[in-house]
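*Asks:* based on what follows, work out the 3D shape:
(one chain, ligands or ions: 2)
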Amino acid sequence: MVTGLTEEKRVRALAAVGCRWIGKSIAVGGVGLLLASNPLWAAAGDAPESRVQARQIFGVLPPNAATAERPMPEARVNLGRMLYFDPRLSLGQDISCNSCHRLDLYGVDGEPTSPGHRGQRGGRNSPTSLNAALHVAQFWDGREPDVEAQAKGPVLNPIEMAMPSEEAVVAVLASIPGYPPLFTAAFPGESDPLNYENMARAIGSFERGLITPSPFDGFMAGEEDRLSPQAVEGLELFLSVGCVSCHNGPLVGGTTYRKLGLIKAYPTEDKGKENVTGLPEDRFVFKVPSLRNVAQTGPWFHDGSIQSLDQAILVMGRHQLGVELDATQRAQIGAFLESLTGRVDPAFVAEPELPENGPNTPGPDRS
Ligand code: HEC
Ligand code: HEC
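*Replies:* Residues are numbered from 1 along each chain as shown. Ligands and ions are numbered 1, 2, ... in the order given. Next up, the predicted model:
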């Protein structure tokens, strides 16, 4: 229903939804729906009403993030999975994408900031790789447009995987006898398929399959018992207090950028999007994170400074909305957020067997 709108209009419409929920009416894109007076739902009580509203507001999670431009042919996905798990993409040959975005740990490593090459740590928390392909852009500040562009960064980042150059990465891959035929199969028709760009495209293809349907999706599709009464209360609060004005779309976030500390300043030295654009109005602006699996991806916030989900909810209410949520309300919202915990088909994320070194494959450099 909201998909035909421009992004800006959509966010405004959704903000309106958050505010008007109390009046039990919603206005999306100018179309007013008085659900409480709709006999279909009024007769059935509160739960179906929140379910129908939720589906209209959040939309349906797609099974994967493939697009016409960014398809997911099987050979490419399989190669991407290997590359995602392969520590030989790092200088020390001890760090893979999966070290910081562990697919057995909801796409994170549970650390405030992650140890990279020789244990060095950056200033930001590793966000989950799950569902990231559906975000409006990548990174806390949105500085890369998609997962394919993003995947080129960490391999060469000196405090992450620390490879010296694209050529060095390609040389390692070319020295492993199993990889050249896999690149040929993944990029048929290309004369020189083993290159840095295609490494990133393959990893991106794999990441486009990391989508996690959860009990909340079952609930929106009509399986009402997938949410506890407490979680339904939490959903209603999430809509009525206005969390949804920022955390919207099928990922319950990931659609837009907003200032951290909108109502009450939040202490952080990270200037967020201002670092990317140089614009003062972008100071402390971050991508609104998806809340899919958020109960499992602590510690929270861009700097990993928040230790519990309860604290994250409290701070969000106070600093983004100017409301003090009490313990009962926070527990209700927490129960709703728990219902966003889902998983990828275990076979899709199972650690693959990696091709063996060849005679010319370099060894680890941890100097
Ligand atoms: C040493 C830890 C580390 C390694 C290794 C690493 N990442 Fe990350 N990743 C991070 C951190 C930290 C961020 C956030 C940085 C920022 O926003 O400035 C991030 C961000 C991302 C994002 C953006 C998600 C979002 O919500 O915006 C994706 C996707 C991602 N990484 C995938 C990968 C892939 C693919 C690899 C392997 C090629 C990889 N990462 C290797 C730590 C790591
Ligand atoms: C004005 C926009 C806005 C509103 C309203 C808002 N949020 Fe957020 N939320 C954000 C931004 C931006 C972040 C990223 C914060 C950061 O940079 O660390 C965030 C982060 C979070 C996180 C941490 C995610 C993570 O992976 O670390 C949770 C949980 C969260 N919000 C829940 C809520 C809840 C619950 C509400 C309603 C009480 C809410 N938010 C209201 C913008 C908003």
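*Asks:* give me the low-pLDDT residue ranges for this protein?
*Replies:* By pLDDT under 70, the low-scoring segments of the chain are 1-48.
*Asks:* near ligand 2, which residues of it are found?
*Replies:* 140, 241-243, 245-247, 258, 260, 262, 286, 288-289, 291, 294, 297, 300-302, 312-313, 316-317, 320-321, 333 (Cβ under 6 Å from any ligand atom). C-beta coordinates here come from the backbone N, C-alpha and C atoms, glycine included.
*Asks:* just the ones in helices from these, please.
*Replies:* For the residues of the chain next to ligand 2, the ones inside helices are 312, 313, 333, with DSSP state H as the criterion.
*Asks:* list the contacts of stretch 94-111.
*Replies:* By Cβ atoms under 8 Å, 6 or more residues apart in numbering, the residues outside stretch 94-111 that reach it are 83-87, 89-90, 114, 116-117, 125-130, 132, 151, 154, 160-161, 203, 210, 293, 296-299, 304, 341, 344, 349, 351, 364, 366.
*Asks:* quickly check: it near ligand 1 or not.
*Replies:* Yes. Judged by Cβ under 6 Å from any ligand atom, stretch 94-111 comes into contact with ligand 1 through 95, 97, 99, 100, 101.
*Asks:* whichever residue of the stretch 201-350 of the chain sits closest to ligand 1: what secondary structure?
*Replies:* Relative to ligand 1, the nearest point of the stretch 201-350 of the chain is residue 203 (4.9 Å; Cβ to the nearest ligand atom). Look at residue 203: counting by DSSP: H, G, I helix; E, B strand; the rest coil, its state is helix.
*Asks:* hmm, it is touching residue 83, no?
*Replies:* Yes. Judged on Cβ atoms under 8 Å, residue 203 makes contact with residue 83 at a distance of 5.1 Å.
*Asks:* filter the residues of the chain next to ligand 2 down to the buried ones.
*Replies:* For these, burial is judged from neighbour counts taken by 16 or more other Cβ atoms under 10 Å, and it is met by 140, 241-243, 245-247, 258, 260, 286, 288-289, 291, 294, 297, 300-302, 312-313, 316-317, 320-321, 333.
*Asks:* so which of the residues you listed reach ligand 1?
*Replies:* Counting by Cβ under 6 Å from any ligand atom, the members of those that reach ligand 1 are residue 140.
*Asks:* ok, for the residue of the stretch 201-350 of the chain closest to ligand 1, nearest residue in space, not its chain neighbours?
*Replies:* Counting by Cβ to Cβ, 6 or more residues apart in numbering, residue 203 lies nearest to residue 151, which is 4.2 Å off, once chain neighbours are set aside.
*Asks:* nearest to residue 220, of the ones in helices among the residues of the chain next to ligand 2?
*Replies:* Lowest distance from residue 220 to those (Cβ to Cβ) belongs to residue 333, with 17.3 Å.
*Asks:* would you mind listing what in the stretch 101-250 of the chain touches ligand 1?
*Replies:* By Cβ under 6 Å from any ligand atom, the part of the stretch 101-250 of the chain that sits against ligand 1 consists of 101, 114, 116, 122, 124, 126-127, 129, 132, 135, 138-140, 147, 150-151, 154-155, 160-161, 203.
*Asks:* out of those residues, which are inside helices?
*Replies:* Per DSSP H, helices hold the following members of those: 147, 150, 151, 154, 155, 203.
*Asks:* report the two of those residues separated the most.
*Replies:* Using Cβ to Cβ, the pair of those lying farthest apart is 147 and 155, separated by 13.6 Å.
*Asks:* strands of this structure, start to end?
*Replies:* Counting by DSSP state E, the segments of the chain that form strands are 26-28, 31-33, 257-259, 285-287.
*Asks:* from the middle of its chain, how far away would the last one be?
*Replies:* Yep, that's strand 285-287 we're talking about. Between the mean C-alpha point of strand 285-287 and the mean C-alpha point of its chain there is a distance of 13 Å (Cα atoms, centre = their mean, to the nearest Å).
*Asks:* nearest residue to the middle of the protein?
*Replies:* Geometric centre of the chain, nearest residue: residue 132, 3.5 Å, by Cα atoms, centre = their mean.
*Asks:* tell me the contacts of that one?
*Replies:* The neighbours of residue 132, taking Cβ under 8 Å, 6+ apart as the test, are 107, 138, 147, 150, 207, 210, 254, 290.
*Asks:* by neighbours, which of the residues you listed wins?
*Replies:* The most crowded member of the contacts of residue 132, judged by other Cβ atoms under 10 Å, is residue 207 (30 neighbours).
*Asks:* contacts only, for residue 227.
*Replies:* Taking Cβ under 8 Å, 6+ apart, we find residue 227 in contact with 215, 216, 219, 235, 336, 339.
*Asks:* now residue 164
*Replies:* Applying Cβ under 8 Å, 6+ apart, the residues near residue 164 are 91, 156.
*Asks:* done for today, thanks.
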